[in-house]
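Visitor: Sequence and computational prediction follow.
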Amino acid sequence: MTADLLIVNIKGLVQVRKSTPHFLAGLEMSQLPIVENAFLRIDGEKITAFGKMTELPVVEARETIDATGSYVFPSFVDSHTHIVFAAYREEEFVMKIKGATYEQIAANGGGILNSAKKLQAISEDELFERSLPRAIEIIKTGTGAVEIKSGYGLTVKDELKMLRVAKRIGRETPLAVKTTFLGAHAVPKDMSKADYIKLVMEEMIPAVAAERLADYIDVFCEQGFFSQEETEKIVERGKEFGMRPRIHANQLHRSGGVQAGVNTGAISVDHLENIGDEEIEILKGTSTMPTALPGAAFFLNLPFPPARKIIDAGLPFAIATDYNPGSAPSGNMPLMVSYACIKMKMTPEEAINASTINTAYALDLLDSHGSISVGKIASVFITKPMPSIAFLPYSFGSNPVAKVILKGKIVF
Ligand code: NIG
Ligand code: FE
């Protein structure tokens, strides 16, 4: 039978797994299975075979790609982004250079409220047009599946608008998209926090659920934003409507975010720049994925999460971009892999596991993404020729991706 697409002479086929029943934790994270001198067969949207070139059956193919000198990776899974937004905020970047803090800017109507004002002023179509280039941009650096949050709407109508745009990105690009309702991202200026929480719980969550716009519910659990108690209350309400929690936890302070996540069965707790031993202990034995967003730690000059401590405690660990206009204006997953290695002392193998299998777990996508496995969606990228796997994080800031195949189709 003719194959749809064959990739041959692959120097190394990375992250090959027979099956991926669960996330990788502790020492498991240091193992990255690679088949050298390999082929990969794709039919329709799926991976149908792979192996050593010496085992390649004689087969016709509609299209053949020679990957001599290059590695083939499963697409990155970016489990935390805010790529639907109206405008960048480089003016705040300059304020920060001159000494203002993220919290001071937020308290003065900048930050999330600034993004909300701009988003509220434009139509759904306009928001889509402005956000689409970011989806295309992340495809070019190897991302094949992405989570997109709301949280710059802060009114019923604008939160729905954001989530519809996120869903539309999933329909109109070859990315796999999961969506998260983050109404509790900040309190609008003209409202008390109590009134806003009421609006989130009584109006926004039911409205989002009625249109099936969100897979998950998130809260910015942070001093000056939402407390642990408020976070738990809000996400419990989301759970009643079928949204599983994932939490913005411990970014600026020890906010109780990890506790809120574990107490409510969150699938992930993200940020963790300010995580202590107590939180690491609490995460043990849970199904909650500790996730670092190294782009945000870098951009805000925060301490990087203690990845070594977390992995050495036997826990799993994931990395994502947090691509957003305020704290992490980059959706570049290879760069996050570099930061993981350089700033958090993760090995290249650990960082690649953290950005593929473990982020796929954090988006409930392990059945279809995160590894090269027969039957999974054929979302992969072919690297530029490179001498070894370590070259990817080593050559930080350069794009290692030469060709992108998503859902079985060559897209770049
Ligand atoms: O993950 N921390 C909360 N939310 C985003 C930043 C939002 C913004 O500044 O626009 C984050 O860093
Ligand atoms: Fe975020």
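Guide: It's in. Ligands and ions are numbered 1, 2, ... in the order given.
Visitor: from here on, contacts and neighbour counts on C-alpha atoms
Guide: OK.
Visitor: May I ask which helix or strand of this structure has the lowest mean pLDDT?
Guide: helix 102-107 (a mean of 88; mean pLDDT, DSSP states H and E).
Visitor: Quick one: the helices in the stretch 1-150 of the chain, in order.
Guide: Here the stretch 1-150 of the chain has its helices, by DSSP state H, counting those that start in this stretch, at 90-97, 102-107, 111-120, 124-140.
Visitor: Quick check: residues of this protein near ligand 1?
Guide: Residues of the chain that fall close to ligand 1, judged by CA under 6 Å from any ligand atom: 111, 112, 220, 322, 324, 325, 326, 327.
Visitor: please redo it, this time with the cut-off set to 8 Å
Guide: Near ligand 1, the residues belonging to the chain are 81-82, 102, 106, 111-112, 115, 152, 185, 220, 248, 251, 271, 296, 322, 324-328 when assessed by CA under 8 Å from any ligand atom.
Visitor: Tell me which residues touch the closest residue to ligand 1 within the stretch 301-412 of the chain, please.
Guide: Nearest residue of the stretch 301-412 of the chain to ligand 1 (CA to the nearest ligand atom) works out as residue 326 at 3.6 Å. The contact partners of residue 326, by CA atoms under 8 Å, 6 or more residues apart in numbering, come to 88, 89, 92, 93, 111, 112.
Visitor: can you count the residues close to the first one?
Guide: The number of residues packed near residue 88 is 14, by other CA atoms under 10 Å.
Visitor: My guess is it contacts residue 325. True?
Guide: Yes. Using CA atoms under 8 Å, residue 88 is in contact with residue 325, at 4.8 Å.
Visitor: where do the strands sit along the stretch 1-150 of the chain?
Guide: Counting by DSSP state E, counting those that start in this stretch, the stretch 1-150 of the chain has strands at residues 3-14, 34-43, 46-52, 61-66, 71-74, 76-78, 143-149.
Visitor: In terms of secondary structure, what does the second one contact?
Guide: Packed against strand 34-43, as judged by 3 or more CA pairs under 8 Å, 6 or more residues apart in numbering; DSSP states H and E, are the following elements: strand 3-14, strand 46-52.
Visitor: any idea which of these is most buried?
Guide: Per residue and on average, the most neighbours among those fall to strand 3-14, with a mean of 21 (mean count of other CA atoms under 10 Å).
Visitor: For residue 226, list each beta-bridge partner.
Guide: Judged by DSSP bridges, the bridge partners of residue 226 are residue 221.
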